[in-house]
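S.K.: what follows is a predicted protein model with its sequence.
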Amino acid sequence: MARTSGPKQPRDMAAALALLWDETERPTRGPKPSLDPRRIADAAVAIADADGLDAVSMARVAGVFNLSGMALYRYVPGRDELVALMVEAILTDRPDLSGAGNDWRAQLTAWARQSWAVHQAHPWLLPATAMRRQAMGPHQIGWMDAAIAALQPTGLTAAQQHQVFLLVAGLVRNLAQQQLDFDEAHAREWSRLNGELLARHADRFPALTKAILDGAFTPIEDPLAFGLDRLFDGVQALIDRARTPG
């Protein structure tokens with residue numbers, strides 16, 4: 001991931017959290033700041049939507065406001081914090097699951113659909129939220145809270161609820177990655193070359209060859225629904241087992 005030159009300091013998680021939660025101390029003297037973190041984040045989001053996350057730099061975002069790259073550090077400590085602000089900006093408020101009723105499957109399906117829509121609108125969200133311990137603002141935590149709330153009536157343990165949340169979020173991320181990586185021309189050429197290769201070596205890979213001939217690579221109309229149904233069937237089995245005496 002590209003980084004621009006500028007003050008290089010150890011990552012300060014506390015400073016990032018204070019920025020995300022609007023708990024930074026505001027100067028009582030001097031001129032009033034002409035910018036705020038939200039405006040800066042919105043400008044960075046527009047760049048990422050147009051050109052990808054790698055195109056976002058402190059200097060380029062500063063240029064939107066006719067500032068130098070160094071001037072932007074007055075408002076945002078660095079690029080990592082800027083990316084965290086961008087995630088907050090696009091997630092907005094926690095997802096509304098009220099229309100899904102009281103069923104945990106329906107609520108988590110609605111959650112996954114809304115998450116999928118955000119990933120489709122902002123493909124850079126995938127690399128911006130790589131699986132690591134990162135500073136999260138109230139919007140991102142609100143999304144997690146909504147998913148956990150949907151699972152609380154199931155009787156699963158808190159650890160199990162969290163693992164189910166990770167599975168659902170992981171499914172959405174996996175499908176988003178597939179969409180991000182897909183190139184139609186490359187896919188056609190890959191299918192042609194590998195089809196010819198397997199035809200020449202069908203005796204070595206009989207199970208795969210048969211599966212392909214039977215339509216194994218035929219696209220599923222709604223892969224998110226398919227994945228969620230399979231995942232939720234397993235979760236329901238876990239719930240039923242926990243409720244069965246003995």
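M.R.: Perfect, thanks for sending it. Numbering: from 1, shown residues only.
S.K.: Gly142 is in what secondary structure piece?
M.R.: Taking DSSP states H and E as the criterion, Gly142 maps to helix 138-151.
S.K.: so which elements touch the helix or strand following that helix?
M.R.: As assigned by DSSP H and E, the chain's next helix or strand after helix 138-151 is helix 158-181. With contacts defined as 3 or more Cβ pairs under 8 Å, 6 or more residues apart in numbering; DSSP states H and E, the packing partners of helix 158-181 are helix 104-121, helix 125-128, helix 138-151, helix 223-243. (Each C-beta comes from the backbone N, C-alpha and C, glycine too.)
S.K.: count of neighbours near Met86?
M.R.: Residues lying near Met86 (other Cβ atoms under 10 Å) number 27.
S.K.: give me the mean pLDDT for stretch 235-242.
M.R.: For stretch 235-242, mean pLDDT is 94.
S.K.: got a list of contacts for that stretch?
M.R.: With contacts defined as Cβ atoms under 8 Å, 6 or more residues apart in numbering, stretch 235-242 is touched by Arg105, Thr154, Gly155, Leu156, Gln160, Val164.
S.K.: also stretch 201-213?
M.R.: Under Cβ under 8 Å, 6+ apart, the answer for stretch 201-213 is Gly195, Leu198, Ala199, Ala216.
S.K.: in this structure Gly78 contacts Ser57, no?
M.R.: No - between Gly78 and Ser57 there is no contact under Cβ atoms under 8 Å: 10.9 Å.
S.K.: how does the chain divide into domains?
M.R.: 13-91, 98-182+216-243 (automatic domain parsing).
S.K.: and the longest one, how far out from the chain's middle?
M.R.: Distance of domain 98-182+216-243 from its chain centroid, counting by Cα atoms, centre = their mean, to the nearest Å, is 10 Å.
S.K.: return the member of the contacts of stretch 235-242 nearest to Trp116.
M.R.: Nearest to Trp116 among those is Arg105, at 16.1 Å by Cβ to Cβ.
S.K.: tally up the residues packed near the closest one, please.
M.R.: 18.
S.K.: ok now do the closest residue to Leu151 other than its chain neighbours, which residues does it touch?
M.R.: Excluding its sequence neighbours, the residue lying closest to Leu151 (Cβ to Cβ, 6 or more residues apart in numbering) is Gln161, at 4.2 Å. With contacts defined as Cβ under 8 Å, 6+ apart, Gln161 is in contact with Ile148, Leu151, Gln152, Thr154.
S.K.: neighbour count, pLDDT and distance to Glu23 added to these, as JSON lines?
M.R.: JSON lines is the format used below for the contacts of Gln161 (neighbours: other Cβ atoms under 10 Å; pLDDT from 0 to 100; distance: Cβ to Cβ, whole Å):
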{"residue": "Ile148", "neighbour count": "14", "pLDDT": "97", "distance to Glu23": "24"}
{"residue": "Leu151", "neighbour count": "22", "pLDDT": "97", "distance to Glu23": "29"}
{"residue": "Gln152", "neighbour count": "11", "pLDDT": "96", "distance to Glu23": "28"}
{"residue": "Thr154", "neighbour count": "18", "pLDDT": "96", "distance to Glu23": "34"}
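S.K.: what's the weakest-modelled helix or strand in the chain?
M.R.: Across the helices and strands of the chain, mean confidence by mean pLDDT, DSSP states H and E is lowest for helix 13-20: a mean of 85.
S.K.: mind listing residues that contact the helix or strand hosting Trp190?
M.R.: Element membership for Trp190, per DSSP H and E: helix 184-200. Residues from elsewhere that reach helix 184-200 (Cβ under 8 Å, 6+ apart): Phe205, Leu208, Thr209, Ile212, Phe217.
S.K.: with stretch 44-63 instead?
M.R.: 1-4, 6, 40, 43, 64, 68-69, 71-73, 76, 78-79, 82-83, 85-86, 89-90, 121-124, 127-128.
S.K.: now the buried members of those.
M.R.: Those of the contacts of stretch 44-63 that meet the buried threshold are 6, 40, 43, 69, 72, 76, 78-79, 82-83, 85-86, 89-90, 122-124, 128, by 16 or more other Cβ atoms under 10 Å.
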